[in-house]
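K.L.:
Need the 3D shape of this:
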Amino acid sequence: MYFLVVSFPHSSMSWFQVFRGTTAECVCQGLSDVFAHVGGVPPMLVFDNATGVGRRVADGVRESSLFRRFRLHHGLEARFCNPYAGHEKGHVERKVAFVRSNVFVPVPRVGDLRAYNEGLLGVADRFAEREHWRGGGTWGELFAEDRTALLPLPARPFSCVTWEVRRCDKWGYATEYPFSATALS
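P.N.:
Sure thing, here's the model as predicted:
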């Protein structure tokens, strides 16, 4: 299983979701669930190790079609960390290690993934009472400041699904190559 961590560096608050893959559908669903839980959308997301949402091609990043639609639907910007540039991702690397050691040890058994992820949102909420390392309050108190910068949630939810039309052989098995709907009509 893989887990997505959405972290707010100012407050150190983070929420996490577990998925069976790292596809754009998984990342978009996890982000949608976290955004709905916190009641807003961060204006900027910085990704590390997010091959499902974008792949580095030469000097740029090619976003997946689904993630590009997700980003535009929510009105947010995205930035991707450079590989082998540890100075860009210290916070997120520490946060992933924190979540791994404080939430996923011992390794949990997951039955219903949707119910488990809903429970994880509550687990993350309980970290709000921790004192921030810089002082100035708890993680939850500092997240109240983060919350003022959030964009409003879109009026309609985003469908985190990729639809493909595929041909079937005479036994009803899908062939491995997708065809566009216009090519079949």
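K.L.:
ok, which stretches of the chain are helices?
P.N.:
For the chain, the helices defined by DSSP state H occupy 24-38, 65-74, 90-103, 113-126, 139-148, 181-184.
K.L.:
mind showing which ranges of the chain have poor pLDDT?
P.N.:
82-89, 176-185 (pLDDT under 70).
K.L.:
For Leu4, which residues are in contact?
P.N.:
With contacts defined as CB atoms under 8 Å, 6 or more residues apart in numbering, the neighbours of Leu4 are 16-19, 26-27, 30-31. From N, CA and C alone the C-beta is placed, and that goes for glycine too.
K.L.:
picking that back up, let's have the helices of the chain in a markdown table, adding mean neighbour count and distance to Ser159.
P.N.:
Formatted as a markdown table, those follow (neighbours: other CB atoms under 10 Å; distance: least, CB to CB, whole Å):
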| stretch | mean neighbour count | distance to Ser159 |
| --- | --- | --- |
| helix 24-38 | 21 | 9 |
| helix 65-74 | 18 | 9 |
| helix 90-103 | 15 | 27 |
| helix 113-126 | 14 | 16 |
| helix 139-148 | 16 | 26 |
| helix 181-184 | 8 | 17 |
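K.L.:
closest one to Met44 among these?
P.N.:
helix 65-74 (10.6 Å; CB to CB).
K.L.:
And Leu76, how far from Phe158?
P.N.:
Distance, Leu76 to Phe158, using CB to CB, to the nearest Å: 12 Å.
K.L.:
Ok, which of the helices of the chain comes nearest Trp163?
P.N.:
Comparing the helices of the chain against Trp163 with CB to CB, the closest turns out to be helix 181-184 (9.0 Å).
K.L.:
picking that back up, mind checking the helices of the chain for the one nearest to Ala50?
P.N.:
Among the helices of the chain, if distance is taken as CB to CB, the winner is helix 24-38, at 6.4 Å.
K.L.:
on contacts alone, who are the packing partners of the closest one?
P.N.:
When contacts are defined as 3 or more CB pairs under 8 Å, 6 or more residues apart in numbering; DSSP states H and E, helix 24-38 packs onto strand 2-7, strand 14-19, helix 65-74, helix 113-126.
K.L.:
For Leu153, find the nearest of those.
P.N.:
Per CB to CB, nearest to Leu153 of these: helix 65-74, 8.0 Å.
K.L.:
Now do that closest one against helix 24-38, angle only.
P.N.:
Helix 65-74 runs at 20 degrees relative to helix 24-38, counting by axes from the mean of the first three to the mean of the last three CA atoms, to 10 degrees.
K.L.:
can you list contacts of helix 65-74?
P.N.:
Counting by CB under 8 Å, 6+ apart, 24-25, 27-28, 31-32, 35, 41, 52-54, 63, 77-78, 151, 154, 158, 160, 162 sit against helix 65-74.
K.L.:
How much space separates His74 from Val96?
P.N.:
Plainly put, His74 is 23 Å away from Val96 if you go by CB to CB.
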